[in-house]
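Participant: Curious how this folds, go ahead:
(one chain, ligands or ions: 1)
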Amino acid sequence: MSVLSEISGAMQRGKAKLVRELVARGLEEGRSAGELLEGGLMAGMDAVGACFQRNEIFVPEVLIAARAMNAGMELLRPEFSGRGPQMPGRVCIGTVKGDLHDIGKNLVRMMMESKGLQVVDLGVDVEAETFVRAAVEQDCGIIACSALLTTTMPVMGEVVRLAREAGIRGRVKIMVGGAPVTGQFCQSIGADCYTADAVSAAEAAAGMLA
Ligand code: B1M
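Facilitator: Sure, this is the predicted structure:
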C-alpha cells in the first residue's frame, strides 16, 4: 500500500499520531507536500465527508478525523511556507461566526503563506466586527472569510456592510469562499472576490496586493 493510501486510511480512522508519522515518512521518501496533501489528507477527508453524508458516521468521528487532518497539515505547513518572496500587505482570515469548520480556512492560509503573504489568522466562529477591527488595527489589505454552512454565509454580507460603515472599503478587499459559497453570492453581498479553492484564493490575494 502506498503512503498516500495509508495517510488517507489513518485519517479516516482519526489516528492523528499515525497521520503525522506517515506524512513525515512521505516527506522522507521524497514525496511533495502537494502530493501528500491532495492524495493523502484531502482524499481521506473526501471519504469522511461521503460517509458523513450517508449517515454512516457521525459528528464525533468526523471531528476526530478533522483533528487528524489538521495534525497532518501542520507538518506540511513549513513545506509550503516562505517559498515566494515576502509580499507587502496583510490578509486577515477567519471562519465566520457560528461556523467551526477550519480545514479549508487553514488550507487557504497555508497557500497564502506559500505565496509570501503575511496572514493574521482570526480562527473560527469570528464575529463580523472582529474581521473589520482586525483589518483596521493590523493594517490588512484583504479580509478573507470562509464559511462551510449555508446558515453562516450571511455573516459575510455583514462583514461587507460593517467594512463600508467603517470607511475602509476603498483600501480593503473582501474575499469569500467555502463549499456553499458561489461567485453569484459574492456579487450579491458586494464582496470583491470569490474563489473555489485554496490555491486560487492565494493567487487572487497575491494579485490584489501586488
Ligand atoms: Co460539518 N458539515 N457540520 N463538520 N462537515 C459539512 C460542511 C456538510 C456539507 C456535511 C453534510 O451534511 N454533507 C454540512 C453542511 C450542510 C450545509 O450547510 N449545507 C455540515 C454540517 C451540517 C455540520 C453540523 C451542523 C453537523 C451537526 O452538528 N449536526 C456541524 C456544524 C458545526 C458548526 O460549525 N457550528 C458540523 C460539524 C463538523 C465537525 C466539527 C465535526 C467537522 C469540522 C472540523 C473542523 O473543521 N475542524 C465537520 C466536517 C469535517 C465536515 C465535512 C465532512 C468536511 C469539511 C472539510 O473540512 N472539507 C463537510 C462535508 C464535506 O465537505 N464533504 C461538512 C475539506 C476542506 C479542505 O474543504 O472546507 O470546503 P473546504 O475548503 C475548500 C474550499 O471550500 C475552499 O478551499 C478549500 C479547498 O482548497 N475554501 C475557500 C474554503 N474556505 C475558503 C475561503 C476562500 C476561498 C476558498 O477565500 C476567503
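
Participant: now the residue nearest the centre of the chain, nearest residue through space, not along the chain?
Facilitator: Geometric centre of the chain, nearest residue: K105, 1.8 Å, by Cα atoms, centre = their mean. Of all residues not flanking K105 in the chain, S146 sits nearest, at 4.1 Å (Cβ to Cβ, 6 or more residues apart in numbering). For every residue, glycine as well, the C-beta is placed using N, CA and C.

Participant: residue contacts, that neighbour?
Facilitator: 93-96, 99, 101-102, 104-105, 108, 176-178 (Cβ atoms under 8 Å, 6 or more residues apart in numbering).

Participant: Please report phi then psi for it.
Facilitator: phi -110, psi 140 (degrees, to the nearest 10).

Participant: Would you check how far apart it and R171 are?
Facilitator: From S146 across to R171, the span is 22 Å (Cβ to Cβ, to the nearest Å).

Participant: longest helix anywhere in the protein?
Facilitator: helix 59-80 (DSSP state H).

Participant: hmm, that one touching the ligand?
Facilitator: Yes: residues of helix 59-80 are located near the ligand by Cβ under 6 Å from any ligand atom, namely V59, V62, L63, A66.

Participant: what sits against the second one?
Facilitator: Same thing as V62. The neighbourhood of V62, defined by Cβ under 8 Å, 6+ apart, consists of V48, F52.

Participant: again with the last one
Facilitator: Contacts were defined as Cβ under 8 Å, 6+ apart; by that measure A66 touches M45, V48, I103.

Participant: Would you format these as JSON lines with pLDDT and secondary structure included?
Facilitator: Formatted as JSON lines, these follow (pLDDT from 0 to 100; DSSP: H, G, I helix; E, B strand; the rest coil):
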{"residue": "M45", "pLDDT": "96", "secondary structure": "helix"}
{"residue": "V48", "pLDDT": "97", "secondary structure": "helix"}
{"residue": "I103", "pLDDT": "96", "secondary structure": "helix"}
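
Participant: With respect to the ligand, which of those is nearest?
Facilitator: I103 (3.4 Å; Cβ to the nearest ligand atom).

Participant: residue contacts, the closest one?
Facilitator: If you count contacts by Cβ under 8 Å, 6+ apart, then I103 has M45, A66, M69, N70, M73 around it.

Participant: Make TSV out of those residues and add distance to G34.
Facilitator: Formatted as TSV, these follow (distance: Cβ to Cβ, whole Å):
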residue	distance to G34
M45	15
A66	20
M69	15
N70	17
M73	12
